[in-house]
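Colleague: need a structure here:
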Amino acid sequence: MSTEIRPSPLELVREDLQSFAGYSSARRSGVAGAVWLNANESPSANAADGRYGAHRYPDPQPPQLRKALAELYGARQEQVLVGRGSDEAIDLLVRALCRPGIDAVACAPPVFGMYAVCARLQGAPLVEVPLLEDGNGFTTDMAAMAEAALGQRAKLVFLCSPANPTGQSLDVDAIAALARRLEGHAIVVVDEAYGEYASVSSAVGLIDSLPNVAVLRTLSKAHALAGARVGCLVADERLIELLRNCQAPYPLPSPCVDLALAALAPKMLARTRERVAETIAERERLYNALQGLDRVRRVYPSQGNFLLVRFEDAQGVYRGLLEHGVVVRDMRSAPGLDDALRISIGSTRDNAALLAALEATGEVSK
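Modeller: Okay, here's the model as predicted:
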């Protein structure tokens, strides 16, 4: 029985980059030694550098971190590219695959804005397939997405699951069906920044059988390392190797790598799971509390660490919360959300402060 040969994702890469070797940094050469004189670094540390050894360049792709992330997400080390959050991977994908003015980027607004920003910076046409809304919340029209991507030459289709700011997750079978339809035409990129809070399976498990699936993950959310800016792309190893050649030579500072490795130790991962469970419980409590507010039009179910809420007077609510020191995200400029605010799930104390501020601004049930 023959094994089906699927199109390589490298066929979708810009032709001028398919043999691009990139910049060969001093650290990427992989040589070993005791006396380092190959990178024009300072031979001694700065007096303010207590323990980081910051006078030496960091590893471009720290193998221990790649290994830890691969184990965390159920992938192989060679399928992982680490970088600055998810944003760097989004930018790398758009720049490596899309020819300006020719190859498009597709997404489903209202959605995370960096897909459109990176497309605009690259000069790639943006194909938007708006989310559908019904009594159960928002859904992605996968059939319309496939037609739009094929019809308008999209090389990248970005799906957010759980979706920011709308909160819904995508079924992995639906993602697989879309990827099969777009094989040889586009890479389906699933942004799972909030995946730890969701009840659906990750799309990482699709990559071996569907090389045109890629997954974005980050330590910024559930792992509480937003300030460290550590994330990764999980994808077919051929695509990962090419993107390494397109990436700046030293994406992650050594202190951030050390912090990430510490956070991925078994004891810390156990604490992260506890923190995620606490956040989910708070999410459900806040969802129920907001449902009863007097001028709330709708609270959307969420698989993330946030809730999207429509208000009768979103501008007034936003200003009133600011007056009480509570900062939420104003979503009124997003397509179809002109009455909506996005509220992150805080601590029990934070959420109590939110509800108290809403009460003070007249937004509680009578």
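
Colleague: now the lengthiest helix in the chain: how far from the chain's centre is it?
Modeller: When secondary structure is assigned using DSSP state H, the longest helix within the chain turns out to be helix 266-291. Going by C-alpha atoms, centre = their mean, to the nearest Å, the spacing between the C-alpha centre of helix 266-291 and its chain's C-alpha centre is 19 Å.

Colleague: Give the rounded mean pLDDT of it.
Modeller: Averaging the model's pLDDT scores along helix 266-291 yields 98.

Colleague: What strands line up against the helix or strand following it, and which way round?
Modeller: If you walk from helix 266-291 toward the C-terminus, the next helix or strand you reach (DSSP states H and E) is strand 296-299. Strand pairing for strand 296-299, determined by DSSP bridges: strand 306-311 (antiparallel).

Colleague: angle of the partner strand against helix 266-291?
Modeller: With axes from the mean of the first three to the mean of the last three C-alpha atoms, to 10 degrees applied, the angle from strand 306-311 to helix 266-291 works out at 10 degrees.

Colleague: Could you tell me how far strand 306-311 lies from the centre of the chain?
Modeller: 20 Å.

Colleague: Going by neighbour count, which residues of it are buried?
Modeller: Judged by neighbour count (16 or more other C-beta atoms under 10 Å), strand 306-311 contains these buried residues: 306-311. No exception for glycine: its C-beta is placed from N, CA and C like everyone else's.

Colleague: hey, C-alpha coordinates of that strand in PDB?
Modeller: As requested, C-alpha coordinates have been extracted for strand 306-311 and formatted as PDB (Å, rounded to 0.1, in the frame of the first residue of the first chain):
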ATOM      1  CA  PHE A 306     -11.800  37.100  28.400                       C
ATOM      2  CA  LEU A 307     -15.400  37.900  27.600                       C
ATOM      3  CA  LEU A 308     -16.900  39.900  24.800                       C
ATOM      4  CA  VAL A 309     -19.800  42.000  26.100                       C
ATOM      5  CA  ARG A 310     -22.300  44.200  24.100                       C
ATOM      6  CA  PHE A 311     -23.700  47.200  26.100                       C
END
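
Colleague: who touches that strand?
Modeller: In this structure, residues lying in contact with strand 306-311 by C-beta atoms under 8 Å, 6 or more residues apart in numbering are 164-167, 283, 286-287, 290, 295-300, 302, 317, 331, 337, 339-345, 363.

Colleague: For the closest residue to Trp36 other than its chain neighbours, give me its contacts.
Modeller: Using C-beta to C-beta, 6 or more residues apart in numbering and skipping residues adjacent in sequence, the residue nearest Trp36 is Arg56, 7.0 Å away. With contact set as C-beta under 8 Å, 6+ apart, Arg56 has these partners: 36, 39, 41, 254.

Colleague: just checking, the third one touches Pro58?
Modeller: No: using C-beta atoms under 8 Å as the test, Glu41 is too far from Pro58 to be in contact (11.3 Å).

Colleague: which of those two has more neighbours?
Modeller: Summary of the neighbour comparison: Glu41 and Pro58, criterion other C-beta atoms under 10 Å, with Pro58 having more neighbours (20 against 13).

Colleague: What distance do you get for the more buried one to Thr348?
Modeller: Distance of Pro58 to Thr348, given as C-beta to C-beta, to the nearest Å: 38 Å.

Colleague: Just give me the neighbour total for Ala334.
Modeller: For Ala334, the neighbour count with other C-beta under 10 Å is 18.

Colleague: Sorry, wrong one. I was asking about Arg229.
Modeller: Arg229 is surrounded by 20 other residues when neighbours are defined as other C-beta under 10 Å.

Colleague: Contact partners for it?
Modeller: With the criterion set at C-beta under 8 Å, 6+ apart, Arg229 makes contact with 84-85, 220, 252, 256.

Colleague: Show me those that map onto helices.
Modeller: If you go by DSSP H, the contacts of Arg229 have Cys256 in helices.

Colleague: chain center to stretch 295-308, what's the gap?
Modeller: Average the C-alpha atoms of stretch 295-308, do the same for its chain, and the two points are 20 Å apart (C-alpha atoms, centre = their mean).

Colleague: Start and end of it, how far apart?
Modeller: For stretch 295-308, the separation between the terminal residues is 14 Å (C-alpha to C-alpha, to the nearest Å).

Colleague: Spell out the residue ranges of the helices in the stretch 151-300 of the chain.
Modeller: When secondary structure is read from DSSP state H, counting those that start in this stretch, the stretch 151-300 of the chain shows helices at 172-181, 237-246, 254-263, 266-291.

Colleague: What residues of stretch 211-225 count as buried?
Modeller: 211-223, 225.

Colleague: what's the neighbour count on Asn245?
Modeller: In terms of burial, Asn245 registers 15 neighbours under the definition other C-beta under 10 Å.
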